[in-house]
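Asker: Generate coordinates for the sequence data below:
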Amino acid sequence: MFSVKLDNQDPYPIFESAADTSNIAGNEDASGSRRDNVESSEVKEIKPPTLMPSHIIMQLTPDISSEGARPILLPDDDTTQRALNVFDRIPVVDFHKIGVVYIGAGQTTEEDILSNVMGASDYIEFVDGLGELLPLKGSTVNTGGLDREMDLDGAYTYHWNDKVTQIIFHVVTMMPTNLKHDPRSTSKKRHIGNDFVNIIFNNSGMPFNFDTIPGQFNFVNIVIAPEARTGFVATRTKDYENLDTLFYRVQLLCKPGIPEISPAADIKMISGRNLSAFVRNLALNASVFSQVYSEGGSEHIPNWRHRLRAILQLRERHSNGFSNSGNNNNMIPASSLIKNNDNRRISAATAISDKSAGVDEVGDSPANGMDGLLESYDFSKWGGA
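Answerer: I've put the predicted structure just below:
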């Protein structure tokens, strides 16, 4: 636990950590017996350890002795605020929305396929392996257009994420169906039709036609079909609890005019146990390609690079007015912050003590200008008014 102590005589705060004084009132002597009554004159005051803010800054930046690597103070004006608002609108992670469609036995039309509200047992196992179940109402996760207030697009969906990527799955069978008021299931089609990539679980027993569910933005369909070497009926009498004995054909189909983007353009045979993970990764790669393709085929730039680029542009815009009150000639070189080239940072106190003792990481020449050295670690003066 750290606290900040502000001293009116000292303009720089000092971070203090609570010291363990549990053994002050009772210590053990040389014979091992405990002295429970200790006279107040024998109790020595324990000064808690202190930590300078400049030390914390050193742990966050690789080289604070370099003017170009130091944080700068941004002006409080409308231009800066607008730039920060634009930066806040850049997502932290890359987002992808992928449709999941189930085709039942004998279904060939869009209306029949989109009206499905459930699927076979192996389809349910497959969907459950794509990610985690997510309640939509009140969710703070980007749901890719799914309603988060009135459950208009269902109560749940599936999503998957890691540190830099998030996938939301638009699962048709989890969306409500109202054939009386919406016989063509347009409420489902408005999601599926705007997804670059759709996963088609084809349990119809017939080949899948890419134009079965047409959409302007449907660039890739990943078609899954049970392996039917033993016959159509036999695929429905298998033991679905033993996924190692189940196999599926997986093929990636692209819209006409789009080049082949994966070896899965040729049919791949995948076990039921690995089906969800394989198809999810295949869909993610296809979605990345589709996003680049829809923007004209330029380089794919992830969101973290967009955010970094915005930070660097903002820094470059305001770095010209940066000033430093210290002496640059007396700053600690970057090499002194790393020992033995193992990328481990050393503390400011160690670096300063080495300099004051005449120790130089580069050479053995004596160090001079201690005042300028200390000022280079005084982050309160980095903004330089």
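Asker: going forward, measure contacts between C-alpha atoms and count neighbours the same way
Answerer: Noted.
Asker: what's the neighbour count on Ala105?
Answerer: Here the number of neighbours of Ala105 (other Cα atoms under 10 Å) works out to 12.
Asker: no wait, Ser187
Answerer: 17.
Asker: ok, now which ones touch it?
Answerer: Asp153 (Cα atoms under 8 Å, 6 or more residues apart in numbering).
Asker: in the one helix or strand it maps to, what counts as buried?
Answerer: Here Ser187, judged by DSSP states H and E, is contained in helix 186-192. Neighbour-count burial for helix 186-192 flags Ser187, Lys188, Lys189, His191, Ile192 (criterion: 16 or more other Cα atoms under 10 Å).
Asker: What is the subsequent helix or strand relative to it?
Answerer: Counting by DSSP H and E, what follows helix 186-192 is strand 197-202.
Asker: could I get the longest helix that the chain contains in CSV with only the CA atoms?
Answerer: In terms of residue count, the longest helix belonging to the chain (DSSP state H) is helix 272-294. Output of helix 272-294 as CSV, limited to C-alpha atoms (Å, rounded to 0.1, in the frame of the first residue of the first chain):
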residue,chain,number,x,y,z
GLY,A,272,-15.2,-32.9,-34.1
ARG,A,273,-12.9,-32.1,-31.1
ASN,A,274,-10.9,-29.6,-33.1
LEU,A,275,-13.7,-28.3,-35.4
SER,A,276,-14.7,-25.2,-33.4
ALA,A,277,-11.1,-23.9,-32.9
PHE,A,278,-10.1,-24.6,-36.5
VAL,A,279,-13.1,-22.9,-38.0
ARG,A,280,-12.8,-19.9,-35.6
ASN,A,281,-9.2,-19.2,-36.6
LEU,A,282,-10.1,-19.7,-40.3
ALA,A,283,-12.9,-17.2,-40.0
LEU,A,284,-10.7,-14.7,-38.2
ASN,A,285,-8.1,-14.8,-40.9
ALA,A,286,-10.8,-14.5,-43.6
SER,A,287,-12.4,-11.5,-41.8
VAL,A,288,-9.0,-9.7,-41.6
PHE,A,289,-8.6,-10.3,-45.3
SER,A,290,-12.1,-9.1,-46.0
GLN,A,291,-11.6,-5.9,-44.1
VAL,A,292,-8.5,-5.1,-46.1
TYR,A,293,-10.2,-6.1,-49.3
SER,A,294,-13.2,-3.8,-48.6
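Asker: Show me what secondary structure element comes after it.
Answerer: Per DSSP H and E, the helix or strand that comes after helix 272-294 is helix 303-318.
Asker: pLDDT (mean, whole number) over that next one?
Answerer: Confidence for helix 303-318, expressed as mean pLDDT, is 87.
Asker: Give me the packing partners of that helix, helices and strands only.
Answerer: Judged by 3 or more Cα pairs under 8 Å, 6 or more residues apart in numbering; DSSP states H and E, helix 303-318 is in contact with helix 78-88.
Asker: residues of the helix it packs on that come out buried?
Answerer: By neighbour count on 16+ other Cα under 10 Å, the buried set for helix 78-88 is Phe87.
Asker: Please apply the same query to stretch 139-154.
Answerer: Those would be Asn142, Thr143, Gly144, Leu146, Asp147, Arg148, Asp151, Asp153, Gly154, for stretch 139-154 by 16+ other Cα under 10 Å.
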